[in-house]
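Chemist: can't give you the sequence, but here's the structure:
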């Protein structure tokens, strides 16, 4: 750009033009101008490429005003349709499936659900592995649909809150220590068996132990002694017939070989034996078996 100087003159005046006229050039010329145009062209190309990539990402990721792809933003939170894969931890307050489908959590290794406090420490953990399901918590509890506790486990005890606990295994239930229960009953038309293969079996109750068989018999087998002990009461055998087939009979009396009636005698140590019945007791006569 050339800056020129103009002078005005009136008639009758003569103004001499200066011999030296100064010309000032304003603007960018030469290689600077070409670099500027090239830089502007490069910015325009980058802008077009970024715009095209943005359109491509929006198209591929299925962005919409309501969400992205299968992910929808609703008033209640986020709604995810179809299968999704999470490469990093997922933090959520509540996760539930649709009303017409189930919720599936799947992993090639294990599925771990952690509960943390305000300090970030893990207070509860549920880990589902390929061979074991592990729960780490101060208390584990299973509730019914109405909120009733069905099964509760803590460091001290396990509580079954159902009305009936049923063991369906063919070998029954194995208890390594004591069991406290108000009732032990078998299924209908099945036998109830209490067994201790290598140790003793003891049943204690402050107000008595009741053993009932309404449609069968009661059988007690032991390798050593069977002891019925009553501290404050008596031992009553109330039945139409009481049979003791393996008691030792005392047959030393005369005519005892043809005698079929016996009476039960008790030694001082509690041993029972049979003695041939007579018109009066014969226990003293045959008490030598207690020696």
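Modeler: Yep, that arrived. Because the structure is a prediction, the values reported are computed rather than measured.

Chemist: tell me the helix or strand right after the helix or strand bottoming out on mean pLDDT in the chain.
Modeler: Ranking every helix and strand in the chain by mean pLDDT, DSSP states H and E puts strand 249-250 at the bottom, with a mean of 62. Per DSSP states H and E, the first helix or strand lying C-terminal to strand 249-250 is strand 262-266.

Chemist: tell me the strands beside that following strand, with direction?
Modeler: Strand 262-266 has its sheet partners listed here by DSSP bridges as strand 272-276 (antiparallel).

Chemist: from one end of stretch 118-126 to the other, what's the distance?
Modeler: 19 Å (CA to CA, to the nearest Å).

Chemist: what's next to that stretch, contact-wise?
Modeler: Defining contact as CB atoms under 8 Å, 6 or more residues apart in numbering, one finds that stretch 118-126 is touched by 112, 113, 114, 115, 116, 117, 133, 134, 135, 136, 137, 138. For glycine as for every other residue, the C-beta is placed from the backbone atoms N, C-alpha and C.

Chemist: for it, give the mean pLDDT please.
Modeler: For stretch 118-126, mean pLDDT rounds to 87.

Chemist: then stretch 49-66?
Modeler: The average pLDDT within stretch 49-66 is 86.

Chemist: who's in contact with it?
Modeler: 68, 69, 70, 72, 73.

Chemist: please give the element, helix or strand, for residue 58.
Modeler: Applying DSSP H and E, one finds residue 58 within helix 31-60.

Chemist: next SSE downstream of that helix?
Modeler: strand 63-64.

Chemist: from the chain's centre, how far out does that next one sit?
Modeler: Here the centre of strand 63-64 is set off from its chain's centre by 39 Å, with CA atoms, centre = their mean, to the nearest Å.

Chemist: can you give me the strands in the stretch 51-200 of the chain?
Modeler: Taking DSSP state E, counting those that start in this stretch as the criterion, the stretch 51-200 of the chain contains strands spanning 63-64, 67-68, 71-74, 77-80, 111-116, 122-128, 133-136, 139-143, 149-154, 158-160.

Chemist: of all the ones you listed, which one is nearest residue 210?
Modeler: strand 158-160 (22.0 Å; CB to CB).

Chemist: from start to finish, how long is stretch 54-65 in a straight line?
Modeler: 16 Å.

Chemist: buried sites along that stretch?
Modeler: Residues of stretch 54-65 include none that count as buried (16 or more other CB atoms under 10 Å).

Chemist: where in the stretch 1-150 of the chain is pLDDT low?
Modeler: Residues of the stretch 1-150 of the chain meeting the criterion pLDDT under 70: 1-27.

Chemist: the residue nearest to residue 167 when sequence neighbours are not counted: how many residues sit nearby?
Modeler: Distances taken as CB to CB, 6 or more residues apart in numbering place residue 173 nearest to residue 167, at 4.5 Å, with adjacent residues excluded. Taking other CB atoms under 10 Å as the criterion, the count of residues near residue 173 is 9.

Chemist: what do you get for residue 36?
Modeler: 11.

Chemist: how about residue 222?
Modeler: Counted with other CB under 10 Å, residue 222 comes out at 10.

Chemist: and it, its phi and psi?
Modeler: With angles defined as degrees, to the nearest 10, residue 222 shows backbone torsions of phi -150, psi 150.

Chemist: and the pLDDT for it?
Modeler: At residue 222, pLDDT is 81.

Chemist: could I get the strands of the stretch 51-200 of the chain as TSV with distance to residue 91?
Modeler: Formatted as TSV, the strands of the stretch 51-200 of the chain follow (distance: least, CB to CB, whole Å):
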stretch	distance to residue 91
strand 63-64	23
strand 67-68	18
strand 71-74	16
strand 77-80	12
strand 111-116	9
strand 122-128	13
strand 133-136	19
strand 139-143	23
strand 149-154	28
strand 158-160	32
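
Chemist: out of the ones you listed, flag the one nearest residue 227.
Modeler: So among the strands of the stretch 51-200 of the chain, strand 158-160 is nearest, using CB to CB, at 31.3 Å.

Chemist: neighbouring strands for the closest one, and are they parallel or not?
Modeler: Counting by DSSP bridges, strand 158-160 is paired with strand 149-154 (antiparallel).
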